[in-house]
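> The sequence isn't on hand, but the structure is:
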């Protein structure tokens, strides 16, 4: 199946679909730093393209005649981190994605976003566009920790197929979910060399110390060291801070289930943002495998 990735970032979704034996033929984004990292890690190219120019983008993508378009339009306007304002501009890229898909008309599409998009008008508008062009839709919020990722990260997926009934893929997704959340110890064993680590909280009203015997909290686009004056929170699972450290960039990328050999480079802030924004690789594979199972059992 020929697949094109829009808003590809550094390639978490692309790599996840490749691992499910999907053929990624091209990818597009506008962020130069992420494109450079993508192109250092894949055999096909990511191309700089302003996807807000919908007709031009659709013309370029349509030449490839993809069977599927995947992608995660920028989600900051829908995120629960900070103030949400779906009309501040970036939320419009969800509609750009829907319109590009509807102009190219691949048999399939997969759109990924933050779970809070379910509360937005932009999603309702996008679904109307898809439905008007003949797509049956399946939507689901997946906890990555039930999908082979050692991280409690909830992400929204909307999967469309021309001519299908709504919810056509739901049973294949739900039946593949694990009955138990994956912990860091499940995934890494003892290779991290710590039992507890620091993850900077959004507010000191929350705990900052976590155990590797639980899933990691959501990997964000910022990582800070343990502050010298950090005071233990009542919910921290330790009695002192001996041996406590924050996770490294590489460890955080591996919690996003990128392979250890994946080549991240660029400024620290860019790399942190790439890792935090990425779709966990194994979450992408989980969705792609459900699609494969659906196709092969039809």
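Ah, there it is. Here the structure is a predicted model, which is why all the values come from computation and not from measurement.

> show me what contacts the residue nearest to residue 148 when sequence neighbours are not counted?
Nearest in space to residue 148, with sequence neighbours left out and distances taken as CB to CB, 6 or more residues apart in numbering, is residue 282 at 4.2 Å. All C-beta spots, glycine's among them, are computed from the backbone N, C-alpha and C. By CB atoms under 8 Å, 6 or more residues apart in numbering, residue 282 lies in contact with 16, 19, 144, 147, 148, 149, 257.

> PyMOL command to pick out the buried ones of those?
Buried subset of the contacts of residue 282, written as a PyMOL selection, criterion 16 or more other CB atoms under 10 Å:
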select buried, resi 16+19+144+147+148+149+257
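
> And the furthest pair within the contacts of residue 282?
Farthest-apart pair in these is 19 and 144; separation 15.0 Å (CB to CB).

> coming back round to it: how about the secondary structure of the residue nearest to residue 148?
At residue 282, secondary structure determined by DSSP: H, G, I helix; E, B strand; the rest coil is helix.

> Flag the shaky bits of the protein, pLDDT-wise.
Across the chain, the ranges flagged by pLDDT under 70 are 75-90, 298.

> Spell out the residue ranges of the strands in it.
Taking DSSP state E, the strands of the chain run over residues 2-6, 23-29, 46-48, 68-71, 108-114, 135-143, 154-162, 196-198, 209-211.

> Pull the distance from the first one to the chain's centre.
The offset between the C-alpha centroid of strand 2-6 and the centroid of the whole chain comes to 15 Å, using CA atoms, centre = their mean, to the nearest Å.

> for the stretch 51-200 of the chain, what spans make up the helices?
Here the stretch 51-200 of the chain has its helices, by DSSP state H, counting those that start in this stretch, at 54-62, 92-104, 121-132, 170-175, 184-188.

> so of these, which one's packed in deepest?
Among the helices of the stretch 51-200 of the chain, helix 92-104 has the highest mean neighbour count (mean count of other CB atoms under 10 Å), at a mean of 22.

> and it, what other elements does it pack with?
Contact partners of helix 92-104 among helices and strands, from 3 or more CB pairs under 8 Å, 6 or more residues apart in numbering; DSSP states H and E: helix 54-62, strand 68-71, strand 108-114, helix 121-132.

> Make a markdown table out of these and add distance to residue 35.
Listed next are these as a markdown table, based on distance: least, CB to CB, whole Å:
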| stretch | distance to residue 35 |
| --- | --- |
| helix 54-62 | 15 |
| strand 68-71 | 14 |
| strand 108-114 | 19 |
| helix 121-132 | 25 |
